[in-house]
Every structure is written in C-alpha cells, then in structure tokens.
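**Q** Quick one, what's the 3D model for this:
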Amino acid sequence: MKLSLAQKLVAAFLGLTLLVLIATLGLARWSFDKGFLDYVNALEQLRLQRLGSELAEYYVSADNSWDSLSAAAFQRLLNQTARGQPAGDFRRQGLPPPPRPHTERPAEASGAPQRTFQPGRPLPPDLPAGGPPQEKPPTALYDLQDNVVVGVRSHLIDERAIVVPVLVDGVSVGELRSAPRRRLETPQETSFSRQQLNTSWIIGISFTAMAFALSLFLAKGLLAPIKRMISHVGHLSSGHYSQRLNENRSDELGQLTRNLDRLGATLEENQNSRRRLLADVSHELRTPLSVLTGEIEAMQDGLRPLDAAQLASLEQEVKRLRVLVDDLYELSISELGGLRYQFSSVALYDCVEAAAATVQARAKEQGLDLTFGCNESLSVRGDTTRLHQLFCNLLENALAYTDAPGNIAVSCSCIANQAVVTIDDSPPGVDADDCNKLFDPLFRQESSRSRRSGGAGLGLAICRNIVDAHEGVISAKPSPLGGVRLEVRLPLAERNAP
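**A** Got it, this is the predicted structure:
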C-alpha cells in the first residue's frame with residue numbers, strides 16, 4: 001500500500017505525539033504511584049513518631065521499663081495513633097496502669113501462663129474494645145538489644161523497615177519498626193489511584209485527537225505550496241515558461257519556489273535566445289544567398305557578362321557563407337564541449353604577441369594604431385592553439401568595430417592569482433547595459449543588423465566558450481578610450497601562483 005505524502009506526514013505527527021504521550025503519561029503514572037506510596041509511608045512514619053512519644057511517656061511512668069507493656073496496651077496505642085488521637089492518660093484510655101517495679105505479675109507469681117495476643121484469636125476479657133491488633137502494616141517495638149518487646153517479628157519489618165527511635169530525654173530506649181507499604185491497599189487509596197488513571201486516559205485520548213486534527217492542518221499547510229510547485233513544474237515541462245509562483249516565504253520552501261521561478265525565467269530566456277538565434281542565422285544566410293541568386297540570375301538572363309569580375313564577386317559571397325557555416329559549427333561544438341584542449345603551461349606574452357602580430361598589418365591599413373604591452377614573466381595553464389584563437393578573435397572584433405583613425409591598446413597584468421588581459425579600443429562604444437549581450441550569438445547593437453566588416457557576430461560567443469573551458473572569466477564594459485574594453489581573466493600556472 002502506497003501512502004501519499006499527506007498520509008505520511010499525518011502518520012509521523014500522530015506517531016510522534018503518541019510516543020511522547022505514552023512516555024509522558026507512563027512516567028507520570030510511575031511518579032504518581034511512587035510518590036503516593038512515599039506519602040503513605042511518610043504518614044506511617046509520622047504515626048510511629050506519635051506512637052513513640054506515647055511509648056516514651058509510658059516507659060517513664062513504668063519506672064523506665066518495658067516489662068509491664070502488654071500486647072493489648074500496645075495495640076490500643078496503635079489504634080489511637082492510627083486515628084490521629086493522642087493516648088493521654090492511660091486510665092482515661094481504658095489501659096491498665098503500669099505495675100510498680102517491685103510488684104510481681106499475678107500470672108508469674110501463680111505460675112499461670114502469660115496471656116499474650118495472637119492474631120486470629122479472640123481478645124482476652126481484660127482487653128478494652130478497640131478492634132483486633134493492626135496487622136497492616138505490621139509494627140513492633142524493639143529494645144536496645146534488638147529483641148521484640150511487643151508485636152510480631154516479620155521479614156517485612158526486617159527488610160527496609162521504617163524505623164523511629166523511642167527517645168527519653170534524648171536517649172534512645174527502644175525502636176519502633178514498621179514495614180513500608182509497597183502497594184495501595186485501602187479502598188480510599190485504590191479509588192484515588194483509579195481516578196488518576198482515568199484522568200490520564202482522558203488526557204491521552206483528548207491530546208491524541210487534538211494531535212490528529214493539528215497534524216491534518218499542518219499537513220495541508222505544508223503540502224499546499226508543494227502542490228503548487230508540482231503544478232508549476234508540470235507547466236515548465238509542457239513548455240509554458242512565462243508562469244511564476246511568486247511565493248513570499250522565508251523558509252526552505254520559499255527558497256525552492258524562487259529557484260523554480262529563476263529556472264522558469266532562464267528557460268524562457270533560452271527559448272527566446274534560441275528563437276533569436278534561428279532568426280539571426282536565417283538572416284545571415286539569406287543575405288549572401290540572395291546576392292548569389294541575384295547575380296546568377298542576372299548572368300543567366302544576359303544582364304551581366306560571365307567574366308572574372310563576376311566570378312570574383314560570387315566567390316566573395318561563397319566565402320562569406322563558408323565563414324558563417326564554419327563559425328556556427330565551431331560555436332556548436334564549443335558549447336557541447338567538443339573542442340579539444342591540451343593544457344600546459346603557456347607563456348602569456350608569446351601568445352598575445354603572436355595574435356597582435358597577426359592583425360598588426362591590417363590595423364595599419366585601416367588607420368588604427370595598435371599598441372601592445374605585457375609582462376613577459378606571466379604564464380597561464382591553457383591550450384596554446386585555443387588561446388591564440390581567443391586573442392585573435394578579440395583583436396578581429398576590435399578591428400571590425402573601431403572607426404579610423406583610432407586606437408587599440410592591448411595590456412597584460414597580474415591580479416592576485418590571475419592573469420588579466422585587456423583590449424581597449426576607441427569609438428564607437430557600446431551602452432553599458434548592452435555590454436554583457438556582446439557575447440550572445442549573432443548579437444548586434446544596430447537594429448538594422450548592418451554588417452560593418454563582414455563578420456557573422458559569432459566570434460565573441462566562441463571566445464566566451466574558450467575562456468570557460470580554461471576556468472576563466474571574460475567581460476565587457478565601456479573603455480576609457482571611448483570604445484569597448486574586453487577583459488579576460490585566466491588562472492596563473494602553478495609556478496606563477498603566489
């Protein structure tokens with residue numbers, strides 16, 4: 001059986017609540033039983049303390065002797081103290097007065113057996129009414145030699161007994177020992193315990209119902225944005241990239257929705273870029289094809305002669321088509337990672353100087369002054385062929401978009417652990433907002449897409465892919481010379497790293 005996320009959340013919340021409730025109520029029940037028994041045993045100790053005070057008075061009135069204390073007298077004192085009543089004067093309580101020390105007991109003088117109380121036997125005639133001796137808990141009086149004066153020795157008393165000394169003027173003359181209570185026995189105690197147990201059940205059931213209702217509410221609240229995200233992802237999968245979630249949340253779900261919105265914006269931008277690229281490629285291919293078609297038709301109609309000049313014109317348009325197709329192919333394989341790179345330590349000065357020497361003559365022919373300055377000690381980790389292609393493309397772009405007379409300045413420097421190559425040119429410039437768009441394929445700042453020098457507008461896009469492959473950064477911004485500054489940052493080789 002597969003559970004939905006909502007069911008799993010409800011089960012998790014409810015299970016955690018039940019676990020906490022069982023542990024809490026179980027510990028509370030254990031604490032109550034233990035605490036209530038401790039309370040009962042504390043009452044027993046208080047009773048023994050009252051009984052000890054009465055026995056101390058009896059001991060003093062009996063001329064400091066326990067010989068005259070009978071089981072009946074001890075039982076009567078137990079009954080009185082159990083009800084919280086003071087024993088007071090023994091004659092008023094119906095107890096026989098303690099005999100004097102020099103007077104022998106009649107039973108001992110006559111040789112008759114001494115009458116002592118035993119549980120289960122009827123009270124002797126001289127024992128006052130007050131009920132049978134108390135057996136729960138069993139209590140006994142011990143003398144200083146650990147002998148039982150009155151009461152019954154029991155293993156319940158000997159194990160963890162409640163002990164209260166009988167003190168006369170601060171001196172112990174005996175000990176009262178009573179067996180501690182290990183369970184609730186009286187009807188009042190069991191009734192109170194049962195009432196507490198029923199209350200615990202009511203609390204547990206009530207909180208379980210509340211936890212179930214709260215878990216349903218929380219599950220619904222947590223799953224609501226997730227369901228919206230699922231729907232949004234479905235729209236993105238269907239190609240609808242314009243929709244946005246616009247969730248105003250500060251938690252992880254809010255961060256996820258913002259990432260999905262950024263993903264939608266990126267997909268929409270890529271879709272628009274792909275459409276623009278197709279339109280631009282179609283436009284770039286249409287122009288030379290239209291020229292070729294028109295010239296061939298003119299020669300077929302006899303409007304133009306088929307001579308060397310016309311063939312040269314056709315060849316020029318074919319070369320333009322070939323350059324465009326080659327650039328498109330190279331751009332596609334660079335974006336797919338199909339360009340081969342053989343990385344090694346490359347002297348940056350030699351690479352940039354070779355690229356500058358390639359365009360030096362054409363720059364002079366166009367009336368442009370090309371200056372070059374570079375630190376000869378800088379080395380970068382890269383592919384020599386691709387770096388040469390990179391700097392040639394950047395310089396070709398500067399030649400194509402710099403008016404004569406003008407200047408092109410190439411410089412190299414080191415910043416932190418990176419080598420920085422900058423290429424500045426003079427006007428015309430580019431708006432700061434359009435600088436980052438220069439690296440888009442077939443981007444042209446002019447709305448008419450007029451070609452300045454026959455370029456296809458793919459060189460800078462290829463340059464960006466080459467720099468990315470070298471783990472570098474390429475950027476464009478307005479130049480101090482009035483044109484555009486292209487800046488390339490490449491990581492230094494290990495021997496040059498600081």
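**Q** Now do the helices in the stretch 301-450 of the chain.
**A** 308-335, 348-365, 384-400 (DSSP state H, counting those that start in this stretch).
**Q** Ok, which of these comes nearest Ser479?
**A** With respect to Ser479, and counting by CB to CB, the nearest of these is helix 384-400 at 9.8 Å. For the C-beta atoms, the positions are set from N, CA and C on the backbone; glycine is no exception.
**Q** got the angle between the closest one and helix 308-335?
**A** 130 degrees (axes from the mean of the first three to the mean of the last three CA atoms, to 10 degrees).
**Q** What is the distance between helix 384-400 and the centre of its chain?
**A** Relative to the chain's own centre, helix 384-400 is displaced by 49 Å; criterion: CA atoms, centre = their mean, to the nearest Å.
**Q** repeat for stretch 362-375
**A** 58 Å.
**Q** Start and end of stretch 398-414, how far apart?
**A** One end of stretch 398-414 to the other measures 23 Å (CA to CA, to the nearest Å).
**Q** can the helices of the stretch 301-450 of the chain go into TSV with extra columns for mean pLDDT, mean neighbour count and distance to Pro478?
**A** Listed next are the helices of the stretch 301-450 of the chain as TSV, based on pLDDT from 0 to 100; neighbours: other CB atoms under 10 Å; distance: least, CB to CB, whole Å:
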stretch	mean pLDDT	mean neighbour count	distance to Pro478
helix 308-335	75	15	26
helix 348-365	87	17	21
helix 384-400	86	21	14
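**Q** Switch the ones you listed over to JSON lines; also include distance to Ile230.
**A** What follows is the helices of the stretch 301-450 of the chain, written out as JSON lines (distance: least, CB to CB, whole Å):
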{"stretch": "helix 308-335", "distance to Ile230": "31"}
{"stretch": "helix 348-365", "distance to Ile230": "51"}
{"stretch": "helix 384-400", "distance to Ile230": "44"}
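**Q** Out of these, which is closest to Gly35?
**A** Across these, closest to Gly35 is helix 308-335 (CB to CB), at 76.3 Å.
**Q** Which secondary structure elements does the closest one sit against?
**A** helix 252-300, helix 459-469 (3 or more CB pairs under 8 Å, 6 or more residues apart in numbering; DSSP states H and E).
**Q** and those, which is most packed in?
**A** helix 459-469 (a mean of 21; mean count of other CB atoms under 10 Å).
**Q** In terms of pLDDT, where does Val410 sit?
**A** The model reports Val410 with a pLDDT of 90.
**Q** Just give the closest residue to it, not the sequence neighbours.
**A** Closest residue to Val410 apart from its sequence neighbours, by CB to CB, 6 or more residues apart in numbering: Phe372 at 4.7 Å.
**Q** Verify the assumption that Ser242 is located in a strand.
**A** No - assessed with DSSP: H, G, I helix; E, B strand; the rest coil, Ser242 is coil; it does not lie in a strand.
**Q** Look up the closest residue to it, ignoring the ones flanking it.
**A** Closest to Ser242 by CB to CB, 6+ apart is Glu268, at 6.0 Å.
**Q** burial count for Val148?
**A** 14 (other CB atoms under 10 Å).
**Q** and it, what does it touch?
**A** By CB atoms under 8 Å, 6 or more residues apart in numbering, the contact set of Val148 is 140-142.
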